[in-house]
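Engineer: one predicted model, sequence on top.
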Amino acid sequence: MTARVSAPASAPSSASASSAKASARILRFVGHRHLRVRLVLAVLARRPVRIDAIRPPDADHAHPGLADYEVSFLRLLEKLTNGSVLEISYTGTSLLFRPGIITGGRISHDCPNSRAIGYFLEPILALAPFCKSPLALTLNGITNDNIDVCVDTLRTVSLPLLRKFLPENTTTPLELKITKRGAPPLGGGQIVFECPCVKSLRAATLLMDPGLGVRRIRGIAYATRISPQMANRVVDAARGLLSRYIPDVYLYTDVYKGAESGKSPGYGVSLVAETTTSCLYSAECAYQVRKKSVNDIVNGSDEVPEFSLDEEASSVAKEGSSVVSQAAVQDTSSATQEGLLNHLENDYCFPTPEDLGIRAARLLLTEIRSGGCVDTSTQWLAILLLALSPEDVGKVRVGALSSYSVQVLRDVRDFLGVVFKIGEEKSHSDENELSVSLRGGVVLTCVGSGYVNVNKNVT
């Protein structure tokens with residue numbers, strides 16, 4: 001709550017100067033996009049942030065203001081910190097967040113079913129190492145869907161990347177346990193995330209060598225409250241496509257029953273490719289019941305959305321060449337494309353489990369084709385951890401910068417004052433084609449901000 005105190009009449013200039021100085025420290029943003037990263041950066045930089053025009057009431061937003069999952073994430077930040085002040089306007093279209101210290105400890109939080117656990121856990125990965133005490137976070141909700149990063153990808157890809165930046169003498173393990181699976185729409189899943197607290201990150205982290213190629217592909221196909229054959233069919237379809245690229249492919253099934261299977265039936269797959277230098281590329285795909293608005297559209301016409309290759313992949317297929325590295329393109333009805341893009345984002349329809357497995361395999365091969373030392377889903381985490389590293393040069397090689405990563409670069413500059421140098425990777429004609437493709441196209445270089453965890457006691 002805002003308190004107004006009248007200044008003494010003898011010192012009006014000092015009161016106005018202090019008020020101007022306080023307002024200048026507040027960073028201001030507009031819009032609801034990139035809300036999580038900006039709040040996390042505000043906590044790390046210990047700077048208040050004000051965000052306005054959050055889904056203003058107009059024709060484009062039927063439900064103005066903060067969504068339920070965004071409010072839930074704010075409540076999670078309140079549990080992780082001590083002394084934070086949160087002010088939300090009456091309409092919910094603006095907020096003022098004054099962060100406190102990051103305490104950590106044992107915390108439990110119930111995530112709404114409108115978003116998966118990955119929406120809440122993904123930004124916490126950047127906060128967890130800088131807590132006052134080791135973090136043991138329990139999250140309840142949906143574990144896998146097609147909107148947010150699934151918990152399997154966070155466990156197999158994001159945590160190894162975070163481990164590269166942590167010192168080696170940490171006593172508390174860095175791990176993620178999936179105790180219950182929860183499929184949409186009712187969820188019922190549960191995960192336990194544990195992370196040590198450190199004084200500072202490892203210095204001079206260089207992620208520059210993607211290796212000579214992919215040496216193995218691993219994956220997990222899960223099934224909850226549904227026949228185990230669904231997971232087996234997904235594995236057979238994905239393995240059949242991936243084995244054309246590399247022979248070392250091992251996908252196993254994970255079938256949940258009883259209380260550990262959540263409240264809704266579902267199945268999906270998470271795939272990880274590892275290079276010769278332990279760089280990881282990931283892809284995932286999950287079955288989910290189509291939303292009511294989609295069913296109304298599909299039932300109103302004979303057109304059923306299917307998956308097909310793009311024009312370039314189709315021409316290659318006609319010539320008899322391999323198309324395993326081409327991405328799948330989803331054909332949607334004209335009504336879906338015109339009127340419901342925001343509401344139907346990542347709302348897939350898989351007629352059979354084989355379609356799901358083939359799409360996941362194609363997404364993984366497309367990620368491999370992009371190259372780099374980190375995949376698209378972890379670009380932002382590598383950028384943020386490099387900016388928080390000690391005052392030394394850090395580098396990371398990526399394939400193609402996503403729009404999300406570009407905005408993270410801008411926010412890191414505003415909050416931490418760290419500017420990245422973006423260099424284009426030159427081609428190497430003397431090396432084989434696979435090595436050139438894994439090199440990626442962009443090299444990000446920065447000098448770390450020398451961030452120190454002032455919350456942690458010196459031992």
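Structural biologist: In hand now; what should we look at?
Engineer: residue ranges with poor pLDDT in the stretch 51-200 of the chain?
Structural biologist: Along the stretch 51-200 of the chain, segments meeting pLDDT under 70 span 59.
Engineer: which residues of it fall in strands?
Structural biologist: 81-82, 85-88, 95-98, 101-102, 104-110, 133-141, 175-180, 189-195 (DSSP state E, counting those that start in this stretch).
Engineer: the last one: how far from the chain's middle?
Structural biologist: Chain-centre distance of strand 189-195: 16 Å, with CA atoms, centre = their mean, to the nearest Å.
Engineer: so what strands line up beside the next helix or strand after it?
Structural biologist: Next helix or strand after strand 189-195 toward the C-terminus (DSSP states H and E): strand 206-207. Next to strand 206-207 in the sheet, as set by DSSP bridges, lie strand 393-398 (parallel).
Engineer: got the buried residues for the very next helix or strand once past the strand it pairs with?
Structural biologist: Sequence-wise, the next helix or strand downstream of strand 393-398 (DSSP H and E) is helix 403-416. Neighbour counts using 16 or more other CB atoms under 10 Å place 405, 408-409, 411-412, 415-416 of helix 403-416 among the buried residues. (Each C-beta comes from the backbone N, C-alpha and C, glycine too.)
Engineer: likewise for stretch 360-376?
Structural biologist: 360-368, 370-376.
Engineer: how about the CA coordinates for that stretch, as PDB?
Structural biologist: The C-alpha coordinates for stretch 360-376 follow below in PDB (Å, rounded to 0.1, in the frame of the first residue of the first chain):
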ATOM      1  CA  ALA A 360       8.300 -34.900 -31.900                       C
ATOM      2  CA  ALA A 361      11.000 -36.600 -33.900                       C
ATOM      3  CA  ARG A 362      10.800 -34.000 -36.600                       C
ATOM      4  CA  LEU A 363      11.000 -31.200 -34.100                       C
ATOM      5  CA  LEU A 364      14.100 -32.700 -32.600                       C
ATOM      6  CA  LEU A 365      15.800 -33.100 -35.900                       C
ATOM      7  CA  THR A 366      14.900 -29.500 -36.800                       C
ATOM      8  CA  GLU A 367      16.500 -28.400 -33.500                       C
ATOM      9  CA  ILE A 368      19.700 -30.400 -34.300                       C
ATOM     10  CA  ARG A 369      19.800 -28.700 -37.700                       C
ATOM     11  CA  SER A 370      19.900 -25.300 -36.000                       C
ATOM     12  CA  GLY A 371      23.000 -26.300 -34.200                       C
ATOM     13  CA  GLY A 372      24.700 -24.300 -31.400                       C
ATOM     14  CA  CYS A 373      25.700 -25.300 -27.800                       C
ATOM     15  CA  VAL A 374      22.200 -24.700 -26.400                       C
ATOM     16  CA  ASP A 375      18.800 -25.400 -27.900                       C
ATOM     17  CA  THR A 376      16.000 -22.800 -28.400                       C
END
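Engineer: pLDDT on it, on average?
Structural biologist: The average pLDDT within stretch 360-376 is 94.
Engineer: ok, back up a step: residue 69: which of the buried residues of stretch 360-376 is nearest?
Structural biologist: residue 376 (22.1 Å; CB to CB).
Engineer: quick check: phi and psi at the closest one.
Structural biologist: phi -70, psi -40 (degrees, to the nearest 10).
Engineer: wait, what's in contact with it?
Structural biologist: By CB atoms under 8 Å, 6 or more residues apart in numbering, the contact set of residue 376 is 367, 370, 399-400, 402.
Engineer: cool, and residue 130?
Structural biologist: 44, 102, 197-198, 451, 453, 455-456.
Engineer: residue 415 too?
Structural biologist: 27, 38, 41-42, 44-45, 47.
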